[in-house]
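Asks: This is a predicted model, with the sequence first.
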Number of protein chains: 2
Amino acid sequence: MRKKIYVHVADDHKILIEGIIAIIKTDKDIEVNGFSLNGAEVLEWFSKKKNKADVLILDITMPVIDGIEVLKHLNKLKIDHKTIVLSSYDDVKIVEEMLKLGCLGYISKNNAGEHIINAIKAVSRGEQYFSDDIQRKLIKSISGQSVPEGNLPNKFVIEQLTDRELKVLKLITEEYNTTQIADKLNIGISTVDTYRKNLLRKIKVKNSVGLAMYAVKNNIV
Amino acid sequence: MRKKIYVHVADDHKILIEGIIAIIKTDKDIEVNGFSLNGAEVLEWFSKKKNKADVLILDITMPVIDGIEVLKHLNKLKIDHKTIVLSSYDDVKIVEEMLKLGCLGYISKNNAGEHIINAIKAVSRGEQYFSDDIQRKLIKSISGQSVPEGNLPNKFVIEQLTDRELKVLKLITEEYNTTQIADKLNIGISTVDTYRKNLLRKIKVKNSVGLAMYAVKNNIV
DNA sequence: GAGTAACTCCCTATAAATGGGGAGCTGAAT
DNA sequence: ATTCAGCTCCCCATTTATAGGGAGTTACTC
């Protein structure tokens, strides 16, 4: 019998983790030996030497630290990882960004079930694995638009947001306008304006709607 | 041996459906005999007479028709249902709205795994079932703020959006401004203004950020 | 003690969004 | 044949957001 493959699962929805565990149980070569509910837990788990997983299944949108940041930190900490990204956002740019960060597999949540076992086995051998729909999108992107090589990544390189900026961002997503936010935080309108300007610059979006979308996608709200 | 409980699962993420099926498989009294990936499919399934499920497990946020609308339609069509709502939004107001629409159980996705079997058995007997965190929130809401009885529901009673309104809504979430939307749709700026006004009125939010938040929460984007 | 980051506020000016109304046209349904 | 919903566009007026800049305070680090 061949060596067991140990898997760590990270997703902020426990039901999804449990589902994956249940699916993986059907294959006796694979075993889930750890899971995390947010990015910080992943890093903590992997930084403990006694813990070891052959494959990391990683959701992108998680609270505290998101999947993108997790990969960056793992790389920075020189922690070897074979990561499968599990995502509801099938934006090609994000796929490419994750690939640059060293993930080996990318599966859309829409059809993860049929792919997850094969994906784990493939990446544990060091191979790449993408679910059908991701493959289609990647091919379309490459063939169709010949992917503008240089200008993808920095959309995701967000400067750290300060406490105040985060508070303002949260209130923006709750549909408050500048005056109301100023009232709620007991600061001046100009100050809120400044924070919004900082947010727009840092997150690189065009307007408050963009801020809100960023907040949702990154579980800040 | 007692009679088997048949379950229909509705969620737009197939992996979640598969996870639930895998979990339910561990109990031999329960069997999943159908699933849907959106609200329209649920209604279609239940309106066919040969199909029958004792329990419907229903996600709130689904494309085409969301969980709230599904319950309304089931009620309108006089289709008997024992529904467990499965949700990531633990807003008490939504829980109460769903209860008014006749759902028997309400489980947060965060701890669905440990609850789902018991919840199915409970509601199949006609009992109510809520996961711990939902119970806590309901109690807190009732005891703490003595729930303003009358003013909850209509936040969720959304008039049907037209094709054009949906297109505009989608473009708003993509950070386009009125002029750019007008260009993209080859219509006048005033027209886009009209659609935005209609959207604000129908969805009952204060600004475009509110529209964007509604759109993500309802998987319109 | 100089530097820096975060927090705070201000000015000016333009662009955009919001709120209220009205109104014509079309195609499908009763 | 009329009604009605959806699509389209317009008017007016006001509020808000966006964009560019500057600048003072604290608090913490090197």
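Replies: Great, that's in hand. All values derive from a computational prediction rather than experimental measurement. Numbers count the residues shown, from 1 in each chain, chains lettered A, B, ... in the order given.

Asks: Show me which helix or strand of chain A is least confident by mean pLDDT.
Replies: Ranking every helix and strand in chain A by mean pLDDT, DSSP states H and E puts helix A:132-145 at the bottom, with a mean of 57.

Asks: How about the contacts made by the spatially most central residue of chain A?
Replies: Centroid-nearest residue in chain A, with CA atoms, centre = their mean: A:I60, separated by 1.7 Å. Residues near A:I60 by CB atoms under 8 Å, 6 or more residues apart in numbering or on different chains: A:66-68, A:85-87, A:89, A:94, A:98. For glycine as for every other residue, the C-beta is placed from the backbone atoms N, C-alpha and C.

Asks: and those, which of them are in strands?
Replies: Assignment to strands by DSSP state E places the following of these there: A:85-87.

Asks: Which single one of those is nearest to B:T26?
Replies: Using CB to CB, A:L86 comes nearest to B:T26 of these, at 22.7 Å.

Asks: Quick check: A:S208 touching B:V209?
Replies: Yes - A:S208 is in contact with B:V209 according to CB atoms under 8 Å; the separation is 5.2 Å.

Asks: For chain A, what lies in contact range of DNA strand C?
Replies: Residues of chain A lying close to DNA strand C by CB under 7 Å from any atom of the strand are A:160, A:162-165, A:182, A:185, A:187-191, A:193-195, A:207.

Asks: Which one (most neighbours) among the residues you listed?
Replies: Neighbour counts for these peak at A:Y195, which has 25 neighbours (criterion: other CB atoms under 10 Å in any protein chain shown).

Asks: wait, is it part of a helix?
Replies: Yes - under DSSP: H, G, I helix; E, B strand; the rest coil, A:Y195 falls within a helix.

Asks: how close does it sit to A:L169?
Replies: Plainly put, A:Y195 is 8 Å away from A:L169 if you go by CB to CB, to the nearest Å.

Asks: cool, and A:K206?
Replies: Note on A:K206: its distance to A:L169, by CB to CB, is 15 Å.

Asks: again, but for A:D59
Replies: 21 Å.

Asks: just A:E175 next, same as before
Replies: From A:E175 to A:L169 the distance is 13 Å (CB to CB).

Asks: Looking at the two, which is more packed in?
Replies: Neighbour comparison, A:E175 and A:L169: the larger count goes to A:L169, with 24 against 18 (by other CB under 10 Å).

Asks: Can you say which helix or strand has that one in it?
Replies: helix A:163-173 (DSSP states H and E).

Asks: ok, and what's touching that helix?
Replies: By CB under 8 Å, 6+ apart, helix A:163-173 touches A:161, A:180-181, A:184-185, A:192, A:195-196, A:198-199, A:202, A:208, A:211-212, A:215-216, A:220-221, B:209, B:213.

Asks: so where's chain A shaky on pLDDT?
Replies: Filtered on pLDDT under 70, chain A yields the residue ranges A:1-2, A:49-51, A:63-65, A:89-93, A:111-112, A:114, A:132-133, A:135-159, A:218-219, A:221.

Asks: Outline the domain layout of it.
Replies: Per automatic domain parsing, the domain ranges recorded for chain A read A:5-145, A:158-217.

Asks: can you tell me how far the residue of chain A found nearest DNA strand C sits from A:K72?
Replies: Closest approach between chain A and DNA strand C, counting by CB to the nearest atom of the strand: A:T162, at 2.6 Å. According to CB to CB, A:T162 stands 20 Å off from A:K72.

Asks: ranges for the helices of chain A?
Replies: Taking DSSP state H, the helices of chain A run over residues A:14-24, A:39-47, A:67-76, A:92-100, A:112-124, A:132-145, A:163-173, A:178-185, A:189-203, A:208-217.

Asks: Tabulate those helices (CSV), appending distance to B:A53.
Replies: Converted to CSV, the helices of chain A look like this (distance: least, CB to CB, whole Å):
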stretch, distance to B:A53
helix A:14-24, 20
helix A:39-47, 37
helix A:67-76, 35
helix A:92-100, 37
helix A:112-124, 21
helix A:132-145, 29
helix A:163-173, 37
helix A:178-185, 46
helix A:189-203, 44
helix A:208-217, 32
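
Asks: between these, which gets nearest to DNA strand D?
Replies: With distances scored as CB to the nearest atom of the strand, the stretch of the helices of chain A nearest to DNA strand D is helix A:178-185 (3.0 Å).

Asks: ok, back up a step: export the helix holding A:L169 as PDB, just CAs?
Replies: Extracted in PDB, the C-alpha atoms of helix A:163-173 (Å, rounded to 0.1, in the frame of the first residue of the first chain):
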ATOM      1  CA  ASP A 163      -8.000  50.800  12.100                       C
ATOM      2  CA  ARG A 164      -9.700  54.000  11.200                       C
ATOM      3  CA  GLU A 165      -9.800  53.200   7.500                       C
ATOM      4  CA  LEU A 166     -11.300  49.800   8.300                       C
ATOM      5  CA  LYS A 167     -14.000  51.400  10.400                       C
ATOM      6  CA  VAL A 168     -14.900  53.900   7.700                       C
ATOM      7  CA  LEU A 169     -14.900  51.100   5.100                       C
ATOM      8  CA  LYS A 170     -17.200  49.000   7.200                       C
ATOM      9  CA  LEU A 171     -19.600  52.000   7.600                       C
ATOM     10  CA  ILE A 172     -19.500  52.600   3.900                       C
ATOM     11  CA  THR A 173     -20.700  49.100   3.300                       C
END
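
Asks: Thank you, goodbye.
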